[in-house]
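Engineer: no sequence for this one, just the structure:
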């Protein structure tokens, strides 16, 4: 069913973009109709007529390509379940290919080549970005054979968390406190062989229940909430991460990398589970904890 939905979304995008192209180019045809003296079947006469057209006629055609790419990509993504990028990218590429084919088959001024390519790339990209969901979410759950307080301290104690997750290479605290509401720190990880640092802040802290961390990176607000609760002879740990891109480039890229981010998060949660269930986990340290909620 998901494949059929994506095919339907792509077809919807092609139809919407195609209607835009046809409608706008019809304006050009009304303004600059083929003269009665020109035989539509005579390629040489058609080429001579096209070469004699004013710049405005070509600008109208250029606008049709740009708007067609934008509307096609935007519509395809809006119609796709979960606003997937794939159908919209396919539509944008098809319109791009149609633009190139048109310029190959029909003579155009030289400047239409770079302008046409740029119009498709820019407006197709805008269609992809502006149709992106405002909020992207991922959730994961682990059942851990370890007490709630130990699991919570592994998540909420930044130093413990950095020991549990192998990918974290360094933590630098920006606040005087190192745990609890208001704690600010910079976390450095190795991602694809390169170091990447992110500043985070603890905005909610409920002892042995939940901890929430916010970060602003890559023109995206990342909101992560960990919750723990007793479950049978151990702990249920839930994590929800919401990503809210606010930049155009971020709106385009964040959905594309969400799968990679999700795998990294799953790996982190697996590492926390292994750490808590092993003898490496530190005893619970309840000294100097700040137990507050975001106001």
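Structural biologist: Cool, got the structure. Computed from a predicted model, the values in this text were never measured in an experiment.

Engineer: now stretch 251-265, how far from the chain's geometric center?
Structural biologist: Centroid separation for stretch 251-265 versus its chain: 6 Å, with Cα atoms, centre = their mean, to the nearest Å.

Engineer: For it, what does the pLDDT average out to?
Structural biologist: For stretch 251-265, the mean per-residue pLDDT is 83.

Engineer: Give me the buried positions along that stretch.
Structural biologist: Residues of stretch 251-265 classed as buried: 251, 252, 253, 254, 255, 258, 265 (neighbour count, 16 or more other Cβ atoms under 10 Å). Every C-beta, even on glycine, is put in place using the N, C-alpha and C of the backbone.

Engineer: ok, residues contacting that stretch?
Structural biologist: If you take Cβ atoms under 8 Å, 6 or more residues apart in numbering as the criterion, stretch 251-265 is touched by 83-85, 125, 128-130, 132-133, 136, 138, 140, 167, 191, 218, 220, 239, 241, 243, 245.

Engineer: Restricted to helices, list the buried residues of stretch 251-265.
Structural biologist: Per DSSP state H, helices hold the following members of the buried residues of stretch 251-265: 251, 252, 253, 254, 255, 258, 265.

Engineer: and which of these is nearest residue 18?
Structural biologist: Set against residue 18, the nearest of those by Cβ to Cβ is residue 252 (23.1 Å).

Engineer: if I look at that closest one, how far off is residue 224?
Structural biologist: To residue 224, residue 252 is 22 Å away according to Cβ to Cβ, to the nearest Å.

Engineer: next one: residue 93
Structural biologist: 35 Å.

Engineer: Same question for residue 160.
Structural biologist: 16 Å.

Engineer: for residue 235, same thing?
Structural biologist: Distance of residue 235 to residue 224, given as Cβ to Cβ: 18 Å.

Engineer: Between these two, point out the one with more neighbours.
Structural biologist: residue 235 (23 against 18; other Cβ atoms under 10 Å).

Engineer: List the strands paired with the one helix or strand the more buried one maps to, with their directions.
Structural biologist: Per DSSP states H and E, residue 235 falls inside strand 234-245. Strand pairing for strand 234-245, using DSSP bridges, gives strand 136-144 (antiparallel), strand 220-231 (antiparallel).

Engineer: Packed most tightly, which of those would that be?
Structural biologist: Across the strands paired with strand 234-245, averaging neighbours per residue (mean count of other Cβ atoms under 10 Å) puts strand 220-231 on top, at a mean of 17.

Engineer: which residues touch it?
Structural biologist: By Cβ under 8 Å, 6+ apart, strand 220-231 touches 143, 148, 151-152, 155-156, 204, 208-216, 235-247, 250, 254.

Engineer: Can you say which of these are buried?
Structural biologist: Buried residues within the contacts of strand 220-231, defined by neighbour count using 16+ other Cβ under 10 Å: 148, 151-152, 155-156, 204, 208, 210-215, 235-237, 239, 241, 243-245, 250, 254.

Engineer: So which residues of the chain form strands?
Structural biologist: Under the criterion DSSP state E, strands of the chain are mapped to 136-144, 168-173, 184-191, 194-206, 210-217, 220-231, 234-245.

Engineer: Against which helices or strands is the shortest one packed?
Structural biologist: Going back to what we said before, that points to strand 168-173. Secondary-structure packing of strand 168-173 (3 or more Cβ pairs under 8 Å, 6 or more residues apart in numbering; DSSP states H and E): helix 158-164, strand 184-191.

Engineer: Deepest in the core, which of the ones you listed is it.
Structural biologist: Mean neighbour count (mean count of other Cβ under 10 Å) peaks for helix 158-164 among those, with a mean of 20.

Engineer: That helix: how far from the chain's middle?
Structural biologist: Helix 158-164 sits 28 Å away from the centroid of its parent chain (Cα atoms, centre = their mean).

Engineer: Same check on stretch 150-162?
Structural biologist: Per Cα atoms, centre = their mean, the centroid offset for stretch 150-162 relative to its chain is 29 Å.

Engineer: Could you single out the nearest of the buried residues of stretch 251-265 to residue 104?
Structural biologist: residue 252 (28.5 Å).

Engineer: Quickly note the distance from the closest one to residue 45.
Structural biologist: Distance of residue 252 to residue 45, given as Cβ to Cβ: 44 Å.
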